[in-house]
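Novice: need a 3D model of the following:
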Amino acid sequence: MKNIWTIYRTDIRRMVTNWPAAIIIGGLIVLPSLYAWFNIVASWDPYSNTKGIQIAVVNQDAGTTLIDQPINVGKEIVAALKENHDLGWTFVDQEEALHGVKHGSYYASIIIPQDMSARIGTILTNNPEKAIILYVVNEKINAIAPKITDKGASTIIQQVSSNFVETANGTIFKIFHAIGLEIEHELPSILKARDLILKLDKHLPELNETVKLALVDVEKANKIITDAKDSLPVVQDVAQKGKLLSSKVANVMEHGESGLISIAPLVKQDMQSIADIADSVHETAVALQMAEEDPSVGIALLNRTEAKLSIASSIVKRLIAWHDKLQTLLPVGLVQRKLERLHAIEDRFAAQTALVQSLRSALEAGEGAAKDLLGRLDASAVETASITNTLVDQFDTELIPAIESKLQETAHTANQVTQVLNTGLQDLPDVAKLLQDASKAAPVATQELHNIQHELPSLEQKVHRIADDIRDLESKGNIQEVIDLLLHDVQKESQFFAQPVELKEQKLYPIPNYGSAMTPFYTILSLWVGALLLVSLLSVDVHEEGIRYKNHEVYAGRYLTFLTCALLQTLICTLGDLYVLHTYAVDKLWFVLFGLYSSAIFMLIVYSLVSVFGNVGKAMAIVMLVLQVAGSGGTFPIQMLPQFFQRLYPFLPFSYSISLIREATGGILWDIVYRDLWMLLIFAGLALLLGLVLKSPINRGSAELVKKAKDSRIIH
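Specialist: Predicted coordinates for the structure are as follows:
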């Protein structure tokens, strides 16, 4: 132990008293920090100037009419883009746009075709066609720019879809509203016809009995028959009105089913829009993790993402309200499952909005964005897209068939009423004839009364059948419910289907800017680079004239020298991160301590490799650096990398050191910290095993090989 401290004290004294050595070592201590700082500053906010990304816009839309109303979607898009300053929208003709994209004047072009509005207008026909916007992008100019322009194009599609859904729904609901008002106006006549038919059915047995009594008392029978005869025009009038109203009810149901068929793609499109927005949030998280530019670009990207999340939240809320209303018509279990998924989507969008706001606040504060926040944002977006895709898949297979079945059942009931009243109207002339004959019973005497008595059972059966059909109809549905459904507020209904979801976001571990989020990776990377610089310029062996140290004494004593330099490197780097660059960290003390701990482990690993294997060990340390830069998940999520790196990830020291610094940056979870500390300690144990146990036999075995290599006068 004495010799170990002697080696260490001698090294420190020589470093301090020899000014050339002190300058070189001082440079080695400072240099890794500069490496980290330059990279952190460069990636502080890469998305702050997206308005400089030029996108050509070509509008060729000729416009059309939708339910006698002129529309021009292309003009609406152009007007909206002129108010949008997130990207460099430039309005040109098609020839200039394509030429500019090919030659790099524009990163992309968006061409609105001549039949844009016409195709959208086909939604109310039997053969609707989807509108097409041509998006041309030049991906060879830059790796990140296409991702940003993709977001601009998808934003246009979402805006057009939302505006059109609101307009189309409003028109359809206006038709429903007018039909509902007409039915409501004629409702008293319908109810009166029903009451008269039921009353006639109730009193027909009495009429039959009266005919029997007429054989004894013709005058009494004649009076009853006269009363019945006087009532027939009223019954006929009411039945005629009932027939007309029942036909209107059937037409309403047909409109309802037709309207549903027209609206169904729009509702489904709303659900798909939710999935698209979730994918957009996922791509935003990926883009933020990739980018290394100005912070304002990220702020702009996050602003657009928040706006999309707001749209998605509004869509979800409206879909929830729509499903709540469906519960009155459909089985509770079927709709409840959909509502549970929609509430789950609503909660996830709320969490994503909170994350986006935290990331934006951090960027605006100039502190950088947290990597774990981007990871949570990405995971939540992927889960949201998965749940929404399930709803989209089940929309056509479960929900639409159930609604159509309910509407068809109501329409069938209305048709039954029409058939019943048709039958009644057809039978009423027979009733009139019988009553006319009965009125002549007195003059014609008893023989005619016998004839009437013979016909009355048939009449009674027909009226009874009509009354039974009416009762059966009422047991299956209430016409007032149909009227209430049709008389809903037109504007609110159309706005609901256009944006049925509103998003509420909640941030868990906000990191204010992208530079701060990248600080753990670049800081840890610089510590390993610093260790490589030290072993490249400082000797791992001790050469003292007249003194022979044991291998383990040389290993331990000289490691203390390297450790001192490495810890100084770390102090300068971590304190510079916090107080020179002002990167964001929740726990600044632990940020520094975790850096020191990681630096000590890295120095031990690199020093052990060089101490045991010499120059080959330096090459091994460089190879480890390359593998860790690619496979430690410092930039891209490890799940996005090839399988080789995913399998290598748990065996890389960077993985656990970056995780430690991230905990101090965003907020510490101690179970993660303990895991990372223990894993790094295992790497340290392996390095000590290599340096203390295997150093001597490996050095002896490779001595001859090293000598021959040096004799070549090429290898150091």
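Novice: please name the residues that touch K618.
Specialist: Each residue near K618 by CB atoms under 8 Å, 6 or more residues apart in numbering is listed here: L532, V535, S536, L609, V610. C-betas here are computed from N, CA, C, even on glycine.
Novice: you'd agree it is in a helix?
Specialist: Yes. Per DSSP: H, G, I helix; E, B strand; the rest coil, K618 lies within a helix segment.
Novice: report the buried residues of the helix or strand K308 falls within.
Specialist: Here K308, judged by DSSP states H and E, is contained in helix 295-326. Neighbour-count burial for helix 295-326 flags 295-302, 304-320, 322-323, 326 (criterion: 16 or more other CB atoms under 10 Å).
Novice: swap in stretch 29-37?
Specialist: Going by neighbour count (16+ other CB under 10 Å), the buried part of stretch 29-37 is I29, P32, S33, Y35, A36, W37.
Novice: which of those residues sits closest to L527?
Specialist: Within the buried residues of stretch 29-37, the smallest distance to L527 is 6.6 Å, found for P32 (CB to CB).
Novice: and the closest residue to the closest one other than its chain neighbours, helix, strand or coil?
Specialist: Spatially, and ignoring its direct neighbours in sequence, P32 is nearest to G530 (3.3 Å; CB to CB, 6 or more residues apart in numbering). Put simply, G530 is helix when judged by three-state DSSP.
Novice: G530 and F651, how far apart?
Specialist: Using CB to CB, to the nearest Å, G530 is found at 22 Å from F651.
Novice: more neighbours, the two?
Specialist: Per other CB atoms under 10 Å, whichever of G530 and F651 has more neighbours is G530, with 28 against 11.
Novice: distance of the more buried one from S655?
Specialist: For G530 relative to S655 (CB to CB), the value is 19 Å.
Novice: what's the helix or strand just after the helix holding K308 packed up against?
Specialist: Remark: after helix 295-326, the chain's next helix or strand is helix 332-364, criterion DSSP H and E. With contacts taken as 3 or more CB pairs under 8 Å, 6 or more residues apart in numbering; DSSP states H and E, helix 332-364 sits against helix 218-290, helix 295-326, helix 371-394.
Novice: was I right to think I698 contacts V616?
Specialist: No. In this structure, I698 is not within contact of V616 by CB atoms under 8 Å, at 10.3 Å.
Novice: before we move on, the earlier item: what is the nearest of the contacts of K618 to F591?
Specialist: The closest of those, once distances to F591 are taken by CB to CB, is L532, at 22.8 Å.
Novice: now do the contacts for that closest one.
Specialist: V606, K618, A621, I622, L625.
Novice: which element is the third one on?
Specialist: Yep, that's A621 we're talking about. Here A621 is assigned to helix 615-631, by DSSP H and E.
Novice: give me the contacts around the helix or strand following that helix.
Specialist: Using DSSP H and E, the helix or strand that directly follows helix 615-631 along the chain is helix 643-648. Contacts to helix 643-648, defined as CB under 8 Å, 6+ apart, come from residues L627, A630, G631, I638, Q639.
Novice: highest neighbour count among those residues?
Specialist: The residue in the contacts of helix 643-648 with the most neighbours, by other CB under 10 Å, is G631 (21 neighbours).
Novice: return the residues in contact with that residue.
Specialist: Counted by CB under 8 Å, 6+ apart, G631 has contacts I638, L641, F644, F645, Q646, L648, Y649, L652.
Novice: tell me which of those is nearest to T574?
Specialist: Distances from T574 to the contacts of G631, taken by CB to CB, are shortest for L652, at 20.8 Å.
Novice: burial measure for E553, as a count.
Specialist: 18.
Novice: quick check: it touching Y8?
Specialist: No. At 10.4 Å, E553 and Y8 do not qualify as touching, with contact defined as CB under 8 Å.
Novice: check contacts around H85.
Specialist: H85 touches K51, counting by CB under 8 Å, 6+ apart.
Novice: name the SS class of it, please.
Specialist: Assignment for H85 (three-state DSSP): coil.
Novice: distance of it from A621?
Specialist: Counting by CB to CB - H85 and A621 are separated by 49 Å.
Novice: same thing with F594?
Specialist: For F594 relative to A621 (CB to CB), the value is 21 Å.
Novice: of those two, who's got more company?
Specialist: Under the neighbour definition other CB under 10 Å, F594 and A621 were set side by side, and F594 has more, 29 against 22.
Novice: and the angle from the strand or helix carrying that one to helix 615-631?
Specialist: Using DSSP H and E, F594 maps to helix 588-613. Helix 588-613 runs at 140 degrees relative to helix 615-631, counting by axes from the mean of the first three to the mean of the last three CA atoms, to 10 degrees.
Novice: buried set for helix 588-613?
Specialist: Applying 16+ other CB under 10 Å to helix 588-613 flags 588, 590-592, 594-595, 597-613 as buried.
Novice: quick one: contacts for the residue nearest to P32?
Specialist: L28, I29, L31, P32, A566, Q569, T570, C573, S599.
Novice: can you rerun that using 10 Å?
Specialist: 28-33, 35-36, 565-566, 568-570, 572-573, 599, 602-603, 606 (CB atoms under 10 Å, 6 or more residues apart in numbering).
Novice: list the ones among these that fall in strands.
Specialist: For the contacts of G530, not one is inside strands, with DSSP state E as the criterion.
Novice: in helices, which of those fall?
Specialist: Cross-referencing the contacts of G530 against helices under DSSP state H gives 28-33, 35-36, 565-566, 568-570, 572-573, 599, 602-603, 606.
Novice: next, give phi and psi for I111.
Specialist: phi -110, psi 120 (degrees, to the nearest 10).
Novice: tally of neighbours for it?
Specialist: Neighbour tally, I111, other CB under 10 Å: 19.
Novice: with W5 instead?
Specialist: 13.
Novice: that one: what's it in contact with?
Specialist: By CB under 10 Å, 6+ apart, the contact set of W5 is E553, A556, G557, L560.
Novice: could you export the residues you listed as TSV, including distance to F395, pLDDT and secondary structure?
Specialist: Putting the contacts of W5 into TSV (distance: CB to CB, whole Å; pLDDT from 0 to 100; DSSP: H, G, I helix; E, B strand; the rest coil) gives the following:
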residue	distance to F395	pLDDT	secondary structure
E553	75	80	helix
A556	70	84	helix
G557	73	83	helix
L560	69	90	helix
